[in-house]
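**Q** The following comprises the amino acid sequence and a computationally predicted model.
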Amino acid sequence: DTAVSQTPKYLVTQMGNDKSIKCEQNLGHDTMYWYKQDSKKFLKIMFSYNNKELIINETVPNRFSPKSPDKAHLNLHINSLELGDSAVYFCASSQGTHRAYEQYFGPGTRLTVT
Amino acid sequence: AQSVSQHNHHVILSEAASLELGCNYSYGGTVNLFWYVQYPGQHLQLLLKYFSGDPLVKGIKGFEAEFIKSKFSFNLRKPSVQWSDTAEYFCAVNPYNNNDMRFGAGTRLTVKP
């Protein structure tokens, strides 16, 4: 059983396109996150949702929009893709509302913008 | 602003050597501390965590870490590394009463057989 799943695993697209990445967790966790990992392996938090409510919204371009239809899902939509968006995007989840216990990460989505 | 520093960018060791990876954070309040490992091409996995109690915590695969509050440090150690420990290691800090999680820049460990 996959705890945190992401689709697709690989995404190759051209500049200017709009794409979405989906994330689902079956752990019953309250909080979900999106991270961007660049080519130097630097891991940067982008967004965090707790029970469908946005609680962390880091300085990312507004071309990135998270959507949480329910607390088990957190999708990431990216408009007008740019070359600099190429990275691996990780979804994660954790238990707890006011504290972050350990995070469980998805397998990642490698986005390549050409 | 809270930050997490991992001073070693790339560490190269031979098998059976001892390992210590540094992690310092700048947050002044109570924190939860974590070490994650990312094997090549894989996602992050939890190695160990510290919430409270004994400052020396043991994790999986023979790793341990020591929380030294006065030094704002949470260094990762392993007495004898194996080739299979080759991976990227991330220190992470979560402030108490907060869902935020901040990661260090990571340390790449290469273990030569």
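**A** Yep, it's here. Residues are numbered from 1 along each chain as shown, chains lettered A, B, ... in the order given.

**Q** going forward, measure contacts between C-alpha atoms and count neighbours the same way
**A** Fine.

**Q** Return the residues of chain A in contact with chain B.
**A** A:31, A:41-45, A:48, A:56, A:90, A:96-108 (C-alpha under 8 Å from any C-alpha of the partner chain).

**Q** just the buried members of these?
**A** Buried residues within the residues of chain A next to chain B, counting neighbours by 16 or more other C-alpha atoms under 10 Å in any protein chain shown: A:31, A:41, A:43-45, A:48, A:56, A:90, A:96-97, A:99-108.

**Q** who's in contact with B:Tyr89?
**A** Neighbouring residues of B:Tyr89 by C-alpha atoms under 8 Å, 6 or more residues apart in numbering or on different chains: B:35-38, B:106-109.

**Q** shaky segments in the chain?
**A** Reading this off chain A. Scanning chain A for pLDDT under 70 picks out A:1-2, A:97-100.

**Q** wrong one, I was asking about chain B
**A** Ranges of chain B meeting pLDDT under 70: B:1-2, B:97.

**Q** residues from it in reach of chain A?
**A** Near chain A, when you scan chain B using C-alpha under 8 Å from any C-alpha, you find B:32, B:34, B:42-46, B:49, B:94-106.

**Q** How much space separates the nearest residue to B:Ile60 once chain neighbours are set aside from A:Leu111?
**A** Computed as C-alpha to C-alpha, 6 or more residues apart in numbering or on different chains, the closest residue to B:Ile60 that is not its neighbour in sequence is B:Leu47, at 5.7 Å. Using C-alpha to C-alpha, to the nearest Å, B:Leu47 is found at 27 Å from A:Leu111.

**Q** higher neighbour count, the two?
**A** B:Leu47 (23 against 20; other C-alpha atoms under 10 Å in any protein chain shown).

**Q** how about the more buried one, phi and psi?
**A** phi -90, psi -50 (degrees, to the nearest 10).

**Q** So it is in contact with B:Val57, correct?
**A** No: look at B:Leu47 against B:Val57 with C-alpha atoms under 8 Å: they stay out of range, at 10.3 Å.

**Q** on that earlier part again, mark which of the buried ones among the residues of chain A next to chain B are part of strands, please.
**A** The strands, defined by DSSP state E, take in A:31, A:43-45, A:48, A:56, A:90, A:104-105 from these.

**Q** and which of those is nearest A:Lys9?
**A** Nearest to A:Lys9 among those: A:Phe90, at 10.2 Å, using C-alpha to C-alpha.

**Q** for the closest one, which residues make a bridge with it?
**A** Assessed by DSSP bridges, A:Phe90 has beta-bridge partners A:Tyr35.

**Q** How about the contacts made by it?
**A** A:34-37, A:105-109, B:43.

**Q** Swap in 10 Å and give it another go.
**A** A:4-6, A:21, A:23, A:33-37, A:43-46, A:105-110, B:43-44 (C-alpha atoms under 10 Å, 6 or more residues apart in numbering or on different chains).

**Q** Looking at the contacts of B:Tyr89, which is nearest chain A?
**A** Checking the contacts of B:Tyr89 against chain A by C-alpha to the nearest C-alpha gives B:Gly106 as the nearest, at 6.8 Å.

**Q** Count the residues that sit near residue 26.
**A** Picking chain A for this. A:Asn26 has 14 nearby residues by other C-alpha under 10 Å.

**Q** wrong one, I was asking about chain B
**A** For B:Ser26, using other C-alpha under 10 Å, the count is 14.

**Q** Would you agree it is in contact with B:Gln6?
**A** No: counting by C-alpha atoms under 10 Å, B:Ser26 stays clear of B:Gln6, with 11.8 Å between them.

**Q** shared neighbours of the two, anything?
**A** Counting by C-alpha under 10 Å, 6+ apart, the shared contacts of B:Ser26 and B:Gln6 are B:Ser73.
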